[in-house]
Structure formats: C-alpha cells, structure tokens
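**Q** Just a sequence and a predicted model for now, questions to come.
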Amino acid sequence: MPTPEQLTLARVDRFVEERIAPHVQRSAEPLSVTAWEAPGEPVPFAEAVEHDGAPVEPGHRWGAPWSTTWFHLTGPAPVDGAAAAGDRTAVHVDLGFTDVNPGFQAEGQLWSADGRPLKALNPRSRAVDWPADEPVDLWLEAAGNPTVLGPDGFRPTPLGDKETAGTEPVYVLRRADVVTFEAEVHELHQDALALRDLLRVLPPEGTRFAGVLAALDDMVDAVDPTDVPGTASAGRDVLAPHLAMPAAASAHTAYAVGHAHIDSAWLWPVRETVRKCARTFSNVVTLMDADPDLVFACSSAQQYAWIKESYPDLFERIKEKVAEGRWVPVGGMWVESDTNMPGGEALVRQFLTGKAFFRDELGVETRDVWLPDSFGYSGALPQIARAAGNRWMLTQKLSWNEINRMPHHTFDWEGIDGTRIFTHFPPVDSYNGELTATELDHAATNNAEKGRFDASIVPFGYGDGGGGPTAEMMDRARRYASTEGVPAVRHASPYEFFEDAEQAIAEPAVWSGEMYLEFHRGTYTSQSRTKQGNRRSEHLLREAELWAATAAVRTGADYPYEALDAAWKTVLLNQFHDILPGSSIAWVYRDAEAGYAQVASDVEEIVAGAVGALAGDGDRPLLFNAAPQAWDGVAALGASAPAAADGDAVGVEDGPDGVVVGNGIVSLRIDGAGLVRSLRDLRADRELVPAGQAGNLLQLQRDTPRQWDAWDVDLEDRVHLTDLDTPATVDVVVSGPDEVVVEVSRTFGTSSVTQRIGLSRGSAAVRIETDVDWHERERLLKLAFPLDLHADRSASETQFGHVFRPTHANTPWDAAKFEICAHRWVHVAEPGYGVAVANSGTYGHDVGRSLAADGSTVTTVRESLLRAPLYPDPDADQGEHRFVTVLHPGAAIADAVREGYRTNLPRRVVRGAGEVAPLVTVDDDAVVVESVKLAEDRSGDVVVRLYESAGARSRARVSFGFDVAGVVRTDLLERPVTDEPAEVDLGEPLALRPFQIVTLRASRA
C-alpha cells in the first residue's frame, strides 16, 4: 500500500508533467523549410547558402551518419503582442532528437541570414530566442552525427568510421516552428521542479520535507488545469515562501562554474570537434547575453584556435566575454592531454604552447591545471605545472576508482621531486553537472574537507560532446542560491574558489606521488600505432630542435620556427586524453596516423637540412648523437666519427639445447621454441632466468573487460593465459664478430610473429625486435621476462624522472596497480644488482613476484604489446606492428636511462667534413639534457632544459660551446625565475634536487 506521501508525490508529478509543462508554450506556427545535403565533408556558410534546397515538411528523413544537411527556415514575425506581454518568442526545432545526452547524436548550428553563428540546437536546448516583430530567416547547419554510445552499450558498431557507417538517413525532422513561451508558466514550472527535486534529498521525516510536500500539493489545488496561464501566479504564490527559506549558515557553498568539457576527439573525429566547439561556444555567449550571472570556464587553447580560424565573429564575442571576466580561460594547456604517456618535454610544450595562445590572443595568463577527465596523473605533473606558472589544479577523475577512495578533495599534491600544487577534486564527482539538488547534496555530504572548508566547485553544463550550461540550469541556480535543505549556490570563477580555499585551509593535507586511476588501465596499450607515432614524433622533434639550434649557432642557418611549431601542435593535439590512450573511434586513428606520418616527413626534412649544414662537404662518417650521453665514443649532443666497438667478438654455437650467443659480457641460450632459457651476466657470474622458466615468452591473455572495452583490462582475465611456447622456426640470420642475430618465427591463432634477438660486441644489452601480424580479437599480447631477482618494487620512467611501485599486493592501493604505465624503461633490482627493460613505444606493463620451483623469488617484467578491443573501434590494432625491447642485465638506473634514449633515437650516421662540437655539455651523467632549442621569442637565445635523473642530489657543471653574454634560469615559459636569483654563474656547479627540472637561457655574445 502506498504511503500518503507517495500518493501526494504521484499527484504532483503528474500535474507538473501533464498540466503545467505543456502550457509553457502558448502557440506554435510552422515555418517554411528547405533542405540541402552537403556532399562529402562539411562546407562553410558562404558556400552552403549558394545552393537551392528542396522544400521539406515535418517527417522528412535526413542525416546519413556523419553527413551535413543545411535547412533554411523562413516565416512571418511571431505572434503580435508577445513582446508587450513579457513573454518570450523563439524558433523551435526538433531534428529528431532522442533521449541520449547532447553531443552524442544529431546537433544543429543556427546561423543568421548574414552568416553569424547564433546558437546551437540539441535535445536539451531546442530553441533560439527571436524578436517578436521580425520575420524569421535562419539557416540551420544540421550534423547527422550517429549515436556511437547509446542504449546498446559497448557493442561493436560500424558507426565510428564514415567508410563503414552507411548512407541511410538516421534522423527525422519532427518540427520547425516559431513559438511563444508563457513567462509565468515557465517560472511556475521551474519553481515546482526545484522544490520537487529538493524533496529527493530532504529527510522524509523532517519538517522541511513535510512543508515542501504540502506546498506542492497546495500548488496543484491553486492552479486551474483549464486555465494554467491565468492561475500560474497563484501557484507561484503558494511555492514562493518555501523557496525563500534561506540556507543554513553552516550550509555547504557550491561555487557554480559554467563548463562544457568538449573532448577534442572521441566518438567523433577532430573535424566534428571544431563544429562542436562552435556550437557550444555560441550557446554560451548567447546565454551570457541573456543572463549576467553566468560565469564560464573553458580550457584547451587548441579549441580557441579552431574558433579563431573558422569562426572569427564568434571568437570576437568570446574575447569580449573574457575581457568582462565572465568567460574564464583555464588550464593553460594546448589540449586536456593524457598525462601518463606524453614525454616530459611534450608536457612542457602543452603549457608553453597553450599559455602563449591565451596570452597573445586573449591577454590572460591562466593560473591552473584543468584536467577533469584524464585517466590518472603523473607524479611529475606538480613540478611541471608550477614551473609553468600554475598555482592550482582541478580534476575529479579519481572518483572513478574501482577499489580505493581518495581521502581528500582539497589538498596539496606533492610530485616526485617534492613540488606541491594546491589541488581540488570537486566532490560532486562530475564535470557535467546540472545543479540538481541531488548533485548539490552529494557535493556537501561527500566533501572530505567539511569542517575545515565547507565549499567546493560544481562544474555545470553538458559536456563530453558539448552543449554547455542551459537556461534551465541557471533557473535552478537562482532558486538554490540560498534555500533551506540544499547547499548555497554561488556563481563564481574557479579562481575565486581557489583563493578562498587557500585562505581557509592553512595546512592542507598532502597526497604524495602519482595519482593512479584505478580504472582504464588498458589505455596504456590500445591503438599501438598511435602510441608509437607519439613516441617517434617526440624523439624526432628532440633531434630537429637540437640540430636546428646547433646549425643556427654554428653556421647561421635559419631556425625553422613555423615548421617546428606546426609539428608540435599536431603531436600535442594527438596527446588528447581520448586520442593517445586509444579510446576513440576508428576515424580518429586514421587521422592521427596520417598526422604522425606528416610530422615524420616534415621533421626528417628539418633534421636532414640541419645535419647537412653542420656536416659540410666531406666523406668522413659522422655519428650525430642526439642522446644526452656519449654514444660509440661520440660526445652527447655532438657529432664525430664513431669509435669501433671494444670487447670480445660475438660468438654463436648451435647445439642440441638451442642456440648459444655470447660476447664475453653476457651469454644467452635460445631454445627451439625461440625462448631464452638462459641469460648469464658473465661479469657478475649470475644466471638471470629462473630454473624451469623462460624469457622472451609471448603470452596471450583473454581480454574481455566488464565494461569500457578499449579503456579497461580486468585482473580477472589474468587466469586465462596461454604461453606461446610451441616449437618455432629458429635461424641465425646474422653471424659476425660485431653482431649476432637469431630470428624466431611462429604462428598462433590467426596471427604470426617474427622476432630478431641480437647481441653486439661490447654490449650487455640484448635487443629483441618483434614484428607481429595481429588478427586476434579480444586478446592481450604480452612479452614476459621472468628474472631471478627479489625486487620489492619496480622503477618506471615517467616525465623527468621515475616512479617506484610495489611488486607485491600488500594493500588495496598496491593491488590496484596490477597494470602500470612506463615510458622508455622499467628497472627492477635487489640490493647490489638490477636489470633494465627498455622499449621503443610500449607503455603498458605489469611487474610482479612469484616463487620458483626451488622456493626462490622470481620477479617478472611483462610488456603489454597489443590489444584487440571491439569498441569503439571494432578493428583496433589489426595488422602489422613492430616493437623493440632491450634487456640489460646488471643495470643501474643510469644504465636504464641510457638504454631508453638509445632505443628511441636513431643511430644517425652521415658523411661530412668533420666533427660538430655540442652546444652544451654537462659533467654529470645523472643530469640529463632533455631539450636544446632557440627561444620562442625569436631572440636567438639558446634554451637548454635539463633534469636530475637518478633521484638523488647532484652538482653538475654546465658549459656552453659558444660565446655567451649571460645565462639565466627561467621557468618553462622561458621567463627569468623570480623565486631565486636568475643569473647563473657558469664558474660554479649547478645544484639540483632529486628529479629537479632546470631551464637555462643563454644569450649569445
């Protein structure tokens, strides 16, 4: 039997939905509509309006997936007298919207007859205000974007690629009218919804609940269902006292920040993101014109740059709002990037490039890091962020953790070097809020800092696919500004919150180290070609800037500022947190791979030109060493003739137990299955492969996550593991005194793999090239190296340093890290001895411990090479791939750092006249030069970025190979530091803390 309260709620709900809501619109008159479908890709307004459309009526089917249809809407002025009555007139269009959120289906951009973008249409915002006395003349650019993530969840779909999505229309034009809205009925509707929503969070036994429920019941009696417009005021009078009851003095304060997190690509291609930004941004500025309370925060310089280029009028409107202080650029990065996988210099460039745009185009410097949706946060980020001029950081993604709850919401985050940045996790646990009572109540009750600072940011507005704040959200905010039973809502800039929070929390709690997301661990591996493109591009750009700067100083060659800037911007865009992680549709990866190919072509041309200018005419072989350590006798960052390798010749024997290869430093035995059954460090007289086990072991794991296919790998699937240890074809393909290479070929499932295992004279490193022709589905391919080591932790390279993670699962926090991210190397060690595993473009790893048959400890390092998820790209990673793995026995951290650079930089040998001296030298190998370039301001100054790589204090003498007028320490934006003396005395060694980044700017004499 229902309770009296339930009966009353049922009465109220039906009355609001069926009696009040339909009367918000007083009248509707159909418009005349013509339609023209653009062939191929979208066209600009000026081109579209040159085409004659065909007349269409409601019921017209339109919109093949990813197509664009231009509708021309015309009609007489709206109903006379509407403006005088205070009611609102508007053009209302339904493109065939569904219940799926905005940004994940059809969208429309309304244009004025003279070509100005006015406002977007989506399922939560279907109308644009129109003057009551003006005839209607509008153009509607309708995007037939398909619903890639809908009611079917994560099922494979062909809709993620225009080539496979089909050509049949998927939408139906339902209406296109000019309408008049009843202002008082609209306000009554919003009053009733606000109080009804309030009941969802009030204790049902409380007097506030009873009073609000009674008021809603009385409102039903006060409003005549046969004359809702005429009695709406009476209904509002009943509700007004209950909305006017003020919030308690101790109520949580919600700093309401308008927001529209727009993924720069995801379930749509980049070209559609450009239009999504225009649609959302036009919504926002139009809403700002109508509602002076709205404050909107917006990140991603790339998105502003698209608007500046393609929608200049809209960009000017945005600049006006920025000048007013109501549109707040945030984040300071080129895009909201992933932070796990981009290299250190790339993360620097995210800020350097993004902040330059905000400064030059909008006249502002952002002061925060704004990453609400990235999949975990590198422990190097605090130092990078602070050195780029940021004070604060915002994210909420760790609320998605599967196992452990983060203990703080407003705190100091301490990076691997000890730098701290004041950080806020909005306890509303969303970046797409709607300012509902339920959301606001969750923010208050969830806030871990309640009692110290009972306030938080609530980002509100439709996001991911765009849309932004709506008038209805603003209506809710007004009603909840100070209302008993719900947090007080205050429109504010995020900077206001951070300043207030810093003042209120004198000694914030500290979270130290990386902020690992216990979710989406598969993003370290999905879409391998894009990940390798990123790694390759980062290292090519390192070479290009080094050699171009060297050529500019040594020969006077022009420095290719524009070409380098364009290449970097491609790389930075592709580091967006749904592109590089591998979680987008197929179209996105086709574009990304083409972008990386263009970067490779353009940057190789820069390298060739600079190297050619430096080498000069001659026939001497010169190794151009872009690594930060000497290589084959060639100084770091310089060029000269490579020295011949020292040491014993590499020998090979083919015996009954396999092929044995040795060089006096290490020896290895490869059996008939292509597995490394023995790996001996001859200098340490130590066997590294545990008895009965094998290295170079490819393993095939089931990969069927419970959700989010391309994003996740689940621990439960580890029990479904197959070792690829059947007999293979094993041949010695290179047998010489300087190198031996053993080739191993095998097939499995519908795939094949060829490996080349090589050992060189004078080297302890075993190099393994793995070529895979991959055609599995929902499988994860790993490459395992069990090692006879008792390592209680692994070291994984991250930006400007490394991070330690446990190899055990003592605590839930340890256990959650069953799949980890590493850059160029992983290092495992016991006291006195270690092994490094370097790679050429693999990020996903796992490192664990087990027991050997004799009871000794085995530490196993596994690289995650390939996945084959079916959603959102059903053909993810299919085809040919190449991986390079380098196993270095007896390695210290310094050896791992060296192998990481050598594995990722080409051994570039050209013929020329003579050696090229480095522009800069450092006398301590622990201090690594990460970047050498010319200054962004085009002054010709040389900028050198270096960091301490060993995790220890260092003192290094830095010398420049050219006449300098002076050297200053700068921030990452190349401005002199202000927190310590900027001038550098080159006669004194430079002192660095563990993992400290130092940027030096040398002006040439």
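**A** Cool, the structure landed. Residues are numbered from 1 along each chain as shown.
**Q** which residues touch the residue sitting nearest the centre point of the chain?
**A** What sits nearest the mean C-alpha location of the chain, by C-alpha atoms, centre = their mean, is His577, with 1.8 Å. Residues near His577 by C-beta atoms under 8 Å, 6 or more residues apart in numbering: Asp263, Val335, Glu336, Ser337, Asp338, Leu371, Asp373, Ser374, Phe375. (C-beta placed from N, C-alpha, C; glycine too.)
**Q** number of nearby residues for the third one?
**A** The number of residues packed near Glu336 is 28, by other C-beta atoms under 10 Å.
**Q** One more: the last one?
**A** Around Phe375 sit 27 other residues, with neighbours defined as other C-beta under 10 Å.
**Q** closest to Val136 among the contacts of His577?
**A** Set against Val136, the nearest of those by C-beta to C-beta is Asp263 (33.4 Å).
**Q** correct me, but Ala64 touches Gly166?
**A** Yes. With contact defined as C-beta atoms under 8 Å, Ala64 counts as touching Gly166 (6.8 Å).
**Q** What pLDDT is listed against Pro78?
**A** pLDDT recorded at Pro78 is 82.
**Q** how close does Val964 sit to Val922?
**A** 15 Å (C-beta to C-beta, to the nearest Å).
**Q** Isn't Glu187 up against Ser233?
**A** No. At 9.1 Å, Glu187 does not count as touching Ser233 under the criterion of C-beta under 8 Å.
**Q** Give the residue from the two that has the larger number of neighbours.
**A** Ranked by neighbour count (other C-beta under 10 Å), Glu187 and Ser233 place Glu187 first, with 18 against 14.
**Q** Name the nearest residue to the more buried one, ignoring sequence neighbours.
**A** Excluding its sequence neighbours, the residue lying closest to Glu187 (C-beta to C-beta, 6 or more residues apart in numbering) is Arg236, at 6.3 Å.
**Q** Could I get the buried residue list for the lowest-mean-pLDDT helix or strand in the chain?
**A** Lowest by mean pLDDT, DSSP states H and E among the helices and strands of the chain is strand 25-30, with a mean of 90. For strand 25-30, burial by neighbour count (16 or more other C-beta atoms under 10 Å) applies to Gln25, Arg26.
**Q** Can you mark which positions in the helix or strand that it is followed by are buried?
**A** Sequence order places strand 32-38 as the next helix or strand after strand 25-30, per DSSP states H and E. Neighbour-count burial for strand 32-38, counted by 16+ other C-beta under 10 Å, picks out Val33, Ala35, Trp36, Glu37.
**Q** Can you name every helix or strand that strand 32-38 contacts?
**A** strand 54-56, strand 68-75 (3 or more C-beta pairs under 8 Å, 6 or more residues apart in numbering; DSSP states H and E).
**Q** So which of Ala64 and Gly166 has more stuff around it?
**A** Higher neighbour count among Ala64 and Gly166: Ala64, with 19 against 13, using other C-beta under 10 Å.
**Q** Now the more buried one. Nearest residue, chain neighbours left out?
**A** Closest residue to Ala64 apart from its sequence neighbours, by C-beta to C-beta, 6+ apart: Thr167 at 4.8 Å.
**Q** how deep is the one you found tucked in, by neighbour count?
**A** Residues near Thr167, counting by other C-beta under 10 Å: 8.
**Q** List the buried residues in the biggest helix by length in the chain.
**A** Criterion DSSP state H: the longest helix present in the chain is helix 586-615. Buried positions in helix 586-615, judged by neighbour count with 16+ other C-beta under 10 Å: 586-589, 591-593, 595-596, 599, 602-603, 606-607, 609-611, 613-615.
**Q** Next: stretch 876-896.
**A** Going by 16+ other C-beta under 10 Å, stretch 876-896 has these buried residues: 876-878, 881, 883-891, 893-896.
**Q** now the residue nearest to Leu721 when sequence neighbours are not counted, what's its secondary structure?
**A** Counting by C-beta to C-beta, 6+ apart, Leu721 lies nearest to Gln701, which is 5.0 Å off, once chain neighbours are set aside. Look at Gln701: counting by DSSP: H, G, I helix; E, B strand; the rest coil, its state is strand.
**Q** what about Gln701, neighbour count?
**A** 18.
**Q** That one contacts Leu715, correct?
**A** No. The criterion here is C-beta under 8 Å, and Gln701 misses it with Leu715 at 10.9 Å.
**Q** returning to that earlier point: check which element follows the longest helix of the chain along the chain.
**A** Following helix 586-615 in sequence, per DSSP H and E, is strand 620-624.
**Q** ranges for the helices of the stretch 201-350 of the chain?
**A** 207-222, 228-244, 270-290, 301-310, 312-324, 344-357 (DSSP state H, counting those that start in this stretch).
**Q** Kindly apply the preceding question to the stretch 1-150 of the chain instead.
**A** 4-15, 45-48.
**Q** In the shortest one, which residues are buried?
**A** Read that as helix 45-48. Using 16+ other C-beta under 10 Å as the test for burial, helix 45-48 gives Phe45, Ala48.
**Q** Distance from it to the middle of the chain?
**A** 33 Å (C-alpha atoms, centre = their mean, to the nearest Å).
**Q** next one: the first one
**A** If you compare the mean C-alpha spot of helix 4-15 with that of the full chain, they lie 45 Å apart, counting by C-alpha atoms, centre = their mean.
**Q** With stretch 840-852 instead?
**A** With C-alpha atoms, centre = their mean as the basis, stretch 840-852 stands 24 Å off its chain's centre.
**Q** ok, now stretch 785-798?
**A** 28 Å.
**Q** Hmm, Asp429 and His442 touching each other?
**A** Yes. Using C-beta under 8 Å as the test, His442 is close enough to Asp429 to be in contact (6.7 Å).
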